[in-house]
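Trainee: The following comprises the amino acid sequence and a computationally predicted model.
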Amino acid sequence: MYEILDLLDKNSDLTAEEIAVMTDSTVDEVKNTIAEYKKAGIIVGQKTVINWRKTDREFVTAFIEVKVTPQHGRGFDQIAESFYQYEQVKSVFLMSGAYDLALIIEGSTLAEVAMFVSEKLSPMDTVISTATHFVLKKYKADGIFIESKSDKDERQVMGV
């Protein structure tokens, strides 16, 4: 059951024909299985992983830890929903440990991300505290290496 899902998770560009060869199945079996996964909500989308550093697009990614007070009878789901409605929010996770929810957000600048946190997240009644961590470099995303070993680190050593 998981073989087709594993293959698609690693490379969503694989064709049914390629998957059929890899899984020793027929093309129709693969197409039917994928259709069933989509209908059941197991496959919910396809995503291409892009190395944005190799483009001229400038943006900032931040990981935000959020402590909240869940509302009686509603738990964390409603709070998460209030977060993921914003376009800047790319991912929302319920966490165990020191904070309750983790958000990954994107903005054009550090200031835009800071304003989002201070004007949208922090004022919410259920939010107790936030901690924002800016992503400096992505090495691997969604199981895919973003920077190859041959990509040279061009930072220069500064004297003290």
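Mentor: Looks like it came in fine.
Trainee: okay, which residue is most central for this protein?
Mentor: Ser91 (4.9 Å; Cα atoms, centre = their mean).
Trainee: quick one: secondary structure of that one?
Mentor: Put simply, Ser91 is strand when judged by DSSP: H, G, I helix; E, B strand; the rest coil.
Trainee: For Tyr84, see how far away it is.
Mentor: Distance, Ser91 to Tyr84, by Cβ to Cβ, to the nearest Å: 8 Å. (Each C-beta comes from the backbone N, C-alpha and C, glycine too.)
Trainee: now do Ile42
Mentor: 20 Å.
Trainee: Whichever helix or strand Ile4 is part of - contacts with which helices or strands?
Mentor: Element membership of Ile4, judged by DSSP states H and E, is helix 2-10. On a contact count with 3 or more Cβ pairs under 8 Å, 6 or more residues apart in numbering; DSSP states H and E, helix 2-10 meets helix 16-23, helix 27-39.
Trainee: before we move on, back to that, which residues does the residue nearest to the centre of the chain contact?
Mentor: Counting by Cβ atoms under 8 Å, 6 or more residues apart in numbering, Ser91 makes contact with 102-104.
Trainee: same thing but 7 Å
Mentor: Going by Cβ atoms under 7 Å, 6 or more residues apart in numbering, Ser91 touches 103-104.
Trainee: what bridges to it?
Mentor: Applying DSSP bridges to Ser91 gives these bridge partners: Ile104.
Trainee: what stretches of the chain score poorly on pLDDT?
Mentor: 1, 148-160 (pLDDT under 70).
Trainee: and with 80 instead?
Mentor: Within the chain, the segments meeting pLDDT under 80 span 1, 49-50, 142-143, 147-160.
Trainee: which residues are in contact with the helix holding Ile4?
Mentor: 14, 19, 22-23, 30, 33-34, 143.
Trainee: Pull out the buried members of these.
Mentor: Neighbour-count burial (16 or more other Cβ atoms under 10 Å) applied to the contacts of helix 2-10 gives 14, 19, 30, 33-34.
Trainee: residues near the residue nearest to Tyr84 when sequence neighbours are not counted, how many?
Mentor: Spatial nearest neighbour of Tyr84, chain neighbours left out: Val92 (4.7 Å); criterion: Cβ to Cβ, 6 or more residues apart in numbering. Neighbour count for Val92, taken as other Cβ atoms under 10 Å: 20.
Trainee: thinking Val92 is in contact with Asp100, fair?
Mentor: No. The criterion here is Cβ atoms under 7 Å, and Val92 misses it with Asp100 at 10.8 Å.
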